[in-house]
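Asker: Build the 3D model from these lines:
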Amino acid sequence: MTSTSAPVAKPVITREADILDLAPVIPVVVVDSVEQAVPLARALLRGGIPVIELTLRSAAGLGAIEAVASEVEGMVVGAGTVVTPEQVRQVQDAGAQFIVTPGSPPRLLEAALASGLPLLAGAGTLTEMLTLAEAGLEAMKFFPAEASGGRPYLSAVAGPCPQLRFCPTGGITRETAAEWLALPNVGCVGGSWLTPKDAVARGDWALIEQLAGDAAALRP
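Answerer: Predicted coordinates:
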């Protein structure tokens, strides 16, 4: 049966913490062609995930951001793997609503903050986290999560830095996501398991919708 419900309004995000509250899992997505992006994003949205991080790890990344931002109502589009000030300008022009960086070197951090877009800047050590906190950020990406000490490390960070919240990304799986989400300083996790490369390649949007539904259920 075809749904007759009205389109879902796109959530408004104005700060980093808003991103962490959109869904328990932010899909971290690499697309090989722009044409894959819109049906993929719509499948995630049908499954209950209203946010997507489209990375610049492929040549199609920038075009995919633009396509989803303009064509998928209700989906909040973030640009991931942003590593240069030039890319900050490009993803902003493409319609990205937030920026995700794997790290936070000074020029990149300055450009990202100057863009006015909410930023999930990458940090893997306590010094990097405190540096971002000094820049006014209280929500950030913990990356690479498993390789940087995993849940024990991030749990220990909550002691000296209880005000900081995180989106851990890197090595998190469908099986371990709930354990990460149980940490008091974790707002959401980033993961690629919602959009398996083979499923995207064959256009299996039903599977991606199902995986999105499973992920959405991690936070009632």
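
Asker: which residues of this structure fall in strands?
Answerer: 25-29, 51-55, 76-80, 98-100, 119-120, 122-123, 139-142, 165-168, 189-191 (DSSP state E).

Asker: can you state the direction angle for the second one and strand 25-29?
Answerer: So the one you mean is strand 51-55. Between strand 51-55 and strand 25-29, the angle comes out at 30 degrees (axes from the mean of the first three to the mean of the last three CA atoms, to 10 degrees).

Asker: give me the number of residues near V29?
Answerer: If you count neighbours by other CB atoms under 10 Å, V29 ends up with 27. Yep, even glycine has a C-beta here, placed from its N, CA and C like the rest.

Asker: what do you get for the one 10 residues further on?
Answerer: Here the neighbour count serves as a burial measure; for P39 (other CB under 10 Å) it reads 14.

Asker: coming back round to it: is it possible to export the strands of the chain to JSON lines including distance to A212 and mean pLDDT?
Answerer: Converted to JSON lines, these look like this (distance: least, CB to CB, whole Å; pLDDT from 0 to 100):
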{"stretch": "strand 25-29", "distance to A212": "7", "mean pLDDT": "98"}
{"stretch": "strand 51-55", "distance to A212": "10", "mean pLDDT": "98"}
{"stretch": "strand 76-80", "distance to A212": "14", "mean pLDDT": "98"}
{"stretch": "strand 98-100", "distance to A212": "19", "mean pLDDT": "98"}
{"stretch": "strand 119-120", "distance to A212": "20", "mean pLDDT": "98"}
{"stretch": "strand 122-123", "distance to A212": "24", "mean pLDDT": "98"}
{"stretch": "strand 139-142", "distance to A212": "20", "mean pLDDT": "98"}
{"stretch": "strand 165-168", "distance to A212": "17", "mean pLDDT": "98"}
{"stretch": "strand 189-191", "distance to A212": "11", "mean pLDDT": "97"}
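
Asker: Rebuild the ones you listed as a markdown table, extending it with distance to G150.
Answerer: What follows is the strands of the chain, written out as a markdown table (distance: least, CB to CB, whole Å):
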| stretch | distance to G150 |
| --- | --- |
| strand 25-29 | 17 |
| strand 51-55 | 21 |
| strand 76-80 | 21 |
| strand 98-100 | 20 |
| strand 119-120 | 19 |
| strand 122-123 | 15 |
| strand 139-142 | 10 |
| strand 165-168 | 9 |
| strand 189-191 | 12 |
